[in-house]
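Enquirer: make a model of this:
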Amino acid sequence: MSGVVTGDAVYLGLEPARLPTRALAILIDLVVVWVGFLLISIGLAVATASLDEAAVRALSVASFVLVLVGAPIAVETLSRGRSLGKLALGLRVVREDGGPIRFRHALMRGAMAVVEILMTFGVVACIASLVSERGRRIGDVFAGTLVVRERVAGGPGAGVLVPPPPPWLVGRFAGLDLSAVPDSLWLEVRQYLTRMRQLDPATGQRLAERLAGELVARTGAPAPPGVPAAAYLAGVVAERQARDARRAFAPSASSVSSASSVSSASSVSSASSVSSVSSQPATSVPSALAAPSAPSASSAPTASVTPPPVSGADAGTPPRPATGFAPPA
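Expert: Got it, this is the predicted structure:
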């Protein structure tokens, strides 16, 4: 059984799948895919009986690519590395650091499977798996993936997830640059965290300090003072998992543009409504909340307004009554 062994001779590794188990899983997947391809081909032959030969060939090639190449890629992407055959035998495709695969990993594996498995009937894949120390085929090497066993009989700590960091460390490493950390170091850190309770305390402390020192050297930022090495490792791994989740569930550009247009339209409409409301006189605002304003001529009482003095020829003319009728001469 090959795995990942650290510099302190502590076994931490995920157990790679053996060649017979992988071959049986691939055989199950191929049977399912070929049955689906034959059913689709029969349906297309019946539906395209009236078309010419060139159109039938084009549809046959398209169905071959979609079913035999596209379907396995989609299944591995959506199931995070578990096809029907791997699910039946307890296998999973993971990254070299033990994390779940994404579309680019499944795409590289599916593209290389056309040459390794379909075109050479699996001979190239078998030879590559036998030569590789961890049983990886060429597609795994190019994609940076590894097929591992999920169900390990009697394995101590099987199924144990990476423990979360302390609450006071959540989000503290948001500005850390993790691009220079290799996948092999991530794998050691993840496997240490899942098995640190099974290690000797002194050995586990030395291993945690060594891994924390390597992370500090790769990131270029010192660890926070007073933080234990194991807690620092858990916090950094949690930050990487959070970034992977944000990238996996990030909205597309079209949805972002539509959301921005909707928000801009709503802001314009709200601004216009606010301007229309502000143009009307505010009659229900309490006097304690209203801002003081300068008195205007229209709001001044009429009793305090005195007419200007009349001079000249109009001095002897009596003032016009308020009713608008002038007295007879």
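Enquirer: make it CA atoms for all contacts and neighbour counts henceforth
Expert: OK.
Enquirer: can you list contacts of stretch 240-252?
Expert: Residues outside stretch 240-252 that contact it (Cα atoms under 8 Å, 6 or more residues apart in numbering): 102, 178.
Enquirer: in stretch 112-122, what's buried?
Expert: 112-117, 122 (16 or more other Cα atoms under 10 Å).
Enquirer: ok, now stretch 163-177?
Expert: In terms of neighbour count (16+ other Cα under 10 Å), stretch 163-177 has its buried residues at 163, 165, 169, 173.
Enquirer: likewise for stretch 189-199?
Expert: The neighbour-count check on stretch 189-199 (16+ other Cα under 10 Å) flags 189-196 as buried.
Enquirer: now the residues you listed as a markdown table including distance to Pro222, pLDDT and secondary structure?
Expert: Compiled in a markdown table, the buried residues of stretch 189-199 are given as follows (distance: Cα to Cα, whole Å; pLDDT from 0 to 100; DSSP: H, G, I helix; E, B strand; the rest coil):
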| residue | distance to Pro222 | pLDDT | secondary structure |
| --- | --- | --- | --- |
| Val189 | 17 | 85 | helix |
| Arg190 | 20 | 83 | helix |
| Gln191 | 22 | 80 | helix |
| Tyr192 | 20 | 84 | helix |
| Leu193 | 20 | 85 | helix |
| Thr194 | 24 | 81 | helix |
| Arg195 | 25 | 80 | helix |
| Met196 | 23 | 81 | helix |
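Enquirer: make JSON lines out of the residues you listed and add distance to Phe249.
Expert: Output for the buried residues of stretch 189-199, formatted as JSON lines (distance: Cα to Cα, whole Å):
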{"residue": "Val189", "distance to Phe249": "25"}
{"residue": "Arg190", "distance to Phe249": "22"}
{"residue": "Gln191", "distance to Phe249": "25"}
{"residue": "Tyr192", "distance to Phe249": "28"}
{"residue": "Leu193", "distance to Phe249": "26"}
{"residue": "Thr194", "distance to Phe249": "26"}
{"residue": "Arg195", "distance to Phe249": "29"}
{"residue": "Met196", "distance to Phe249": "31"}
